[in-house]
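# Below are the sequence and a predicted model; questions follow.
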Amino acid sequence: MDATVSAENFKKQKLFEQQCDGEIDRISNLPEHILHYILSFLPTKYAVGTSVLSTRWNGLWKFIHNLDFCDEHLYNSSSKRPNYWKRKRIFRDFVDKVLRHNDVSNINKCNLKCNECNAAYFNGWISTIIRRKVQELNISVFKECPFRFSDCLFTCESLRILKIYMSVSMKIPASVCFSSLKVLHLGKISFFCDQSIQEISLSFPILEKFILRYCVWPKNVTFFAPILQKLEIEDRSDGLNDCEIKIYAESLVSLKFDGGPYQKYSLCHLSSLVDASIELWPGEASVHHVGSLLKDIFNVKNLELSGSSIEWGTECVYVVGHS
C-alpha cells in the first residue's frame with residue numbers, strides 16, 4: 001500500500017516539476033482538428049515547417065483550410081541574379097507541392113502574393129484553388145505581367161470575397177453574374193472584351209462592398225448591385241479611354257470618390273446615401289462628367305468635399321444646371 005502511494009506521489013511530483021520547468025508540450029496533445037485550426041492562422045510556409053517538430057505534427061498542414069502564399073522572402077536578401085532565380089524556383093515548387101498535397105475539399109481563404117508571376121503556373125494555381133471551392137481569394141502581383149485569367153474565375157459559385165490587385169489585362173464576356181460575391185476589390189486591371197461587344201453588364205445580386213482602384217474599362221460598362229452598401233472609387237484615367245460607367249446601387253450608404261473627369265460615372269437611384277467623400281482632380285475633359293456625378297448624390301446626408309472639389313465642382317454643377 002505504502003509503495004503504491006509513494007509511486008503515485010512520485011508521479012505527481014514529477015508532473016509538477018515538468019510543469020514548472022515548462023517541459024510539457026500541451027499543444028501537441030490537442031485534438032487534430034484544433035491543431036489544424038491553429039495552423040490555419042500561420043503563413044503556409046510556417047505551417048508546413050511544423051512537420052519537423054515531431055511525428056505528431058508531420059503532415060498536419062495537409063488539412064488546413066486557409067492558405068497564405070507570399071514570396072517576399074525572395075527579395076529580402078541578396079539581389080544577385082543566380083540567387084534570385086533559385087529562390088523564385090523554390091517558391092514556385094513550394095506552391096505546387098502544397099496545392100498538390102492539400103487534402104481538403106474546400107478552401108476557406110487563400111492569399112497569393114507575388115512580386116511577379118509566370119502565367120502558366122499562376123493560372124494553374126488559381127484554377128486548382130477555385131476547384132477547391134474557395135470562399136475568399138486575395139491576389140496581389142506587383143510587377144506588370146502578360147497574364148490572362150482563366151474563365152473559371154467568372155463562373156465560380158463559391159467565392160464570397162475576391163480581391164485582385166495586379167497590372168494585368170483581363171478579358172470579360174458581355175454579361176457576367178457573380179451570384180455569391182459579397183466583397184469585391186479590383187485594382188490596376190485593364191479590362192477588355194471582343195470588339196463586337198458594345199456594352200458590358202456585370203451583376204452582383206448580394207454584393208455589399210465594392211472597391212475600384214485605377215482600373216481601365218471598355219467603352220460602356222454597367223454594374224447592377226441592388227444591396228451594395230459601400231463603394232470606393234479611385235480613378236486616375238489619362239483620357240485616352242473614353243468610357244462611361246453606370247452603377248445601379250439603390251441601397252448604397254457610403255461613397256468615396258477620388259478621381260478626375262475623364263471617365264464618366266453615373267450613380268443611379270441613390271435614394272439611401274448617407275455619407276459621401278469627394279476628391280476631384282481638374283482636367284481638360286468636359287465638366288459635364290463631374291457635374292453629373294455631383295448631381296447624382298444631391299440627396300446625401302453628409303457630404304465631404306476637398307478644397308479643389310468645392311471650387312471646381314461648383315463650376316461643374318453650374319454648367320450642367322444651365323445646359
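Cool, the structure landed.
# shaky segments in the stretch 201-323 of the chain?
237-241, 260-262, 282-291, 307-323 (pLDDT under 70).
# what about stretch 62-70, start to end distance?
18 Å (Cα to Cα, to the nearest Å).
# That one: which residues count as buried?
64, 65, 66, 67, 68, 69, 70 (16 or more other Cβ atoms under 10 Å). (C-beta placed from N, C-alpha, C; glycine too.)
# Among those residues, which pair sits farthest apart?
Distances among these were taken as Cβ to Cβ; the most separated pair is 65 and 70, at 17.9 Å.
# Same list (the buried residues of stretch 62-70) but as JSON lines, adding distance to residue 135 and pLDDT.
Converted to JSON lines, those look like this (distance: Cβ to Cβ, whole Å; pLDDT from 0 to 100):
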{"residue": "64", "distance to residue 135": "14", "pLDDT": "94"}
{"residue": "65", "distance to residue 135": "9", "pLDDT": "95"}
{"residue": "66", "distance to residue 135": "10", "pLDDT": "96"}
{"residue": "67", "distance to residue 135": "12", "pLDDT": "96"}
{"residue": "68", "distance to residue 135": "14", "pLDDT": "95"}
{"residue": "69", "distance to residue 135": "17", "pLDDT": "94"}
{"residue": "70", "distance to residue 135": "20", "pLDDT": "90"}
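# export those to JSON lines and tack on distance to residue 234 and secondary structure?
Converted to JSON lines, the buried residues of stretch 62-70 look like this (distance: Cβ to Cβ, whole Å; DSSP: H, G, I helix; E, B strand; the rest coil):
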{"residue": "64", "distance to residue 234": "34", "secondary structure": "coil"}
{"residue": "65", "distance to residue 234": "32", "secondary structure": "coil"}
{"residue": "66", "distance to residue 234": "29", "secondary structure": "strand"}
{"residue": "67", "distance to residue 234": "29", "secondary structure": "strand"}
{"residue": "68", "distance to residue 234": "26", "secondary structure": "strand"}
{"residue": "69", "distance to residue 234": "27", "secondary structure": "strand"}
{"residue": "70", "distance to residue 234": "24", "secondary structure": "strand"}
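# Now do the SS call for residue 35.
Put simply, residue 35 is helix when judged by DSSP: H, G, I helix; E, B strand; the rest coil.
# ok, which stretches of the stretch 151-300 of the chain are helices?
Assigned by DSSP state H, counting those that start in this stretch, the helices in the stretch 151-300 of the chain fall at 152-155, 287-296.
# Could you pull up the mean pLDDT of the first one?
For helix 152-155, the per-residue pLDDT values average out at 83.
# So which bits of stretch 134-148 are buried?
Buried residues in stretch 134-148 (16+ other Cβ under 10 Å): 134, 135, 136, 137, 138, 139, 141, 145, 147.
# of all these, which two lie farthest apart?
135 and 145 (25.9 Å).
# For the residue nearest to residue 235 when sequence neighbours are not counted, grab the count of nearby residues.
Leaving aside its chain neighbours, residue 235 sits nearest to residue 259 (3.2 Å; criterion: Cβ to Cβ, 6 or more residues apart in numbering). Counted with other Cβ atoms under 10 Å, residues neighbouring residue 259 total 22.
# Test my guess that residue 259 contacts residue 280.
Yes. Taking contacts as Cβ atoms under 8 Å, residue 259 lies within contact range of residue 280: 7.4 Å.
# For residue 68, see how far away the residue sitting nearest the centre point of the chain is.
Nearest to the geometric centre of the chain sits residue 163, at 1.8 Å (Cα atoms, centre = their mean). Using Cβ to Cβ, to the nearest Å, residue 163 is found at 13 Å from residue 68.
# what does residue 301 give?
According to Cβ to Cβ, residue 301 and residue 68 sit 40 Å apart.
# before we move on, what about residue 158?
As judged by Cβ to Cβ, residue 158 and residue 68 stand 18 Å apart.
# What of residue 218?
Residue 218 is 34 Å from residue 68, by Cβ to Cβ.
# And for residue 35, nearest residue in space, chain neighbours not counted?
By the measure of Cβ to Cβ, 6+ apart, the closest residue to residue 35 outside its immediate chain neighbours is residue 60, 5.5 Å from it.
# which residues sit in contact with that neighbour?
By Cβ atoms under 8 Å, 6 or more residues apart in numbering, the contact list for residue 60 reads 32, 35, 36, 39, 50, 51.
# And the nearest residue to the last one once chain neighbours are set aside, how far from residue 49?
In other words, residue 51. Leaving out its chain neighbours, the residue that sits closest to residue 51 by Cβ to Cβ, 6+ apart is residue 58, at 4.8 Å. According to Cβ to Cβ, residue 58 and residue 49 sit 11 Å apart.
# now residue 72
For residue 72, the distance to residue 49 equals 16 Å [Cβ to Cβ].
# Next: residue 202.
In terms of Cβ to Cβ, residue 202 sits 41 Å off from residue 49.
# Neighbour count for those two, which is higher?
The neighbour comparison of residue 202 against residue 49 (other Cβ under 10 Å) goes to residue 202, with 21 against 13.
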